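Q: structure, please.
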Amino acid sequence: MLSALDALERLRDGNRRFVSGVRSLDSLMSQTRRRDLVEGQQPFAVVLGCSDSRVPVEMIFDQGLGDLFVIRVAGNIVAPSQIGSVEFAAAQFGTRLVVVLGHTRCGAVQATLDELQRPSESQSRNLRAIVDRIRPAVVALLATELRHDRAALVRQAVRANVRVAADHLRHGSSILEQLIEENGLIVVGAEYSLETGLVEFFDGVPVAK
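A: Numbers count the residues shown, from 1 in each chain. Down below sits the predicted model:
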């Protein structure tokens, strides 16, 4: 099993290939591994990302079958089912890297900002559940000068939401806390740019020694 830092570098390498339009032979040939994966899996990273159709996780990291344990939900929110999924992968497969992946122009984040600024009575309770998960991460931004600059507000809100979600994973599960303390698990936050295809890892990334 790859260490967290080696897994992070593998994701970075894959994203660089994606941006350049070059796919690795391993990812292209991963379909041939389908039968080998029937009996089990060993994903080298867990990615909690947004459901947005423009952010297909395996593609933007140029990975194939069996490489990534992917959890996708609108707004890359962290709720009990997402925490449980991360716990399962980290404990069951020994995966040592967890990535919370947000993206520019996130619709769920924008919907939350809209709801905070212009509350709606007609929003379904299920959509409101997503908004309520994002709300604590972004509400403070509306008390700053960012409220006068919509584009800057959304940019900062996306990153704030990622940071809060990553921190929740680090401190909202005794299983993950123990794996961080004793087994080298790392939880990092990242943002995918719809405009460039680049993924920037900006939260919780260990400083190179």
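Q: number of nearby residues for Q82?
A: Using other C-beta atoms under 10 Å, Q82 is surrounded by 20 other residues. Where C-beta positions appear, they are placed from N, C-alpha and C, glycine not excepted.
Q: what sits against it?
A: 48, 71, 73 (C-beta atoms under 8 Å, 6 or more residues apart in numbering).
Q: the most far-flung residue of the chain relative to its centre in helix, strand or coil?
A: In the chain, counting by C-alpha atoms, centre = their mean, E121 sits farthest out from the average C-alpha position, at 30.1 Å. Assigned by DSSP: H, G, I helix; E, B strand; the rest coil, the conformation of E121 is coil.
Q: got it, and L141?
A: With three-state DSSP as the basis, L141 sits in helix.
Q: switch to numbering from 19
A: Okay, using 19 as the starting number, the last item reads as L159.
Q: just checking, it touches V176?
A: No. Between L159 and V176 there is no contact under C-beta atoms under 8 Å: 10.6 Å.
Q: which of the two has more neighbours?
A: Between L159 and V176, counting by other C-beta under 10 Å, V176 is the more crowded of the two (26 against 18).
Q: on the C-terminal side of the helix-or-strand element of the chain with minimal mean pLDDT, identify the next helix or strand.
A: Lowest by mean pLDDT, DSSP states H and E among the helices and strands of the chain is helix 43-46, with a mean of 71. Remark: after helix 43-46, the chain's next helix or strand is strand 63-67, criterion DSSP states H and E.
Q: then that next one to PDB, C-alphas only?
A: This file holds the C-alpha atoms of strand 63-67, laid out as PDB (Å, rounded to 0.1, in the frame of the first residue of the first chain):
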ATOM      1  CA  ALA A  63      -6.600   7.100  -2.200                       C
ATOM      2  CA  VAL A  64     -10.000   8.000  -1.000                       C
ATOM      3  CA  VAL A  65     -11.600  11.000  -2.700                       C
ATOM      4  CA  LEU A  66     -14.700  12.800  -1.400                       C
ATOM      5  CA  GLY A  67     -15.800  15.000  -4.300                       C
END
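Q: partner strands of that strand, with direction?
A: Sheet partners assigned to strand 63-67 using DSSP bridges are listed as strand 86-90 (parallel), strand 115-121 (parallel).
Q: just the CA trace of the last one, in CSV.
A: The C-alpha trace of strand 115-121 is given here as CSV (Å, rounded to 0.1, in the frame of the first residue of the first chain):
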residue,chain,number,x,y,z
LEU,A,115,-4.7,9.4,1.7
VAL,A,116,-8.1,11.1,1.9
VAL,A,117,-8.8,14.0,-0.4
VAL,A,118,-11.7,16.4,-0.1
LEU,A,119,-12.1,17.7,-3.6
GLY,A,120,-14.1,20.9,-4.3
HIS,A,121,-14.2,22.7,-7.6
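Q: may I see the buried residues of the helix or strand following that strand?
A: Downstream of strand 115-121, the next assigned helix or strand under DSSP H and E is helix 125-135. Using 16 or more other C-beta atoms under 10 Å as the burial criterion, the residues of helix 125-135 that qualify are 126-131, 133-134.
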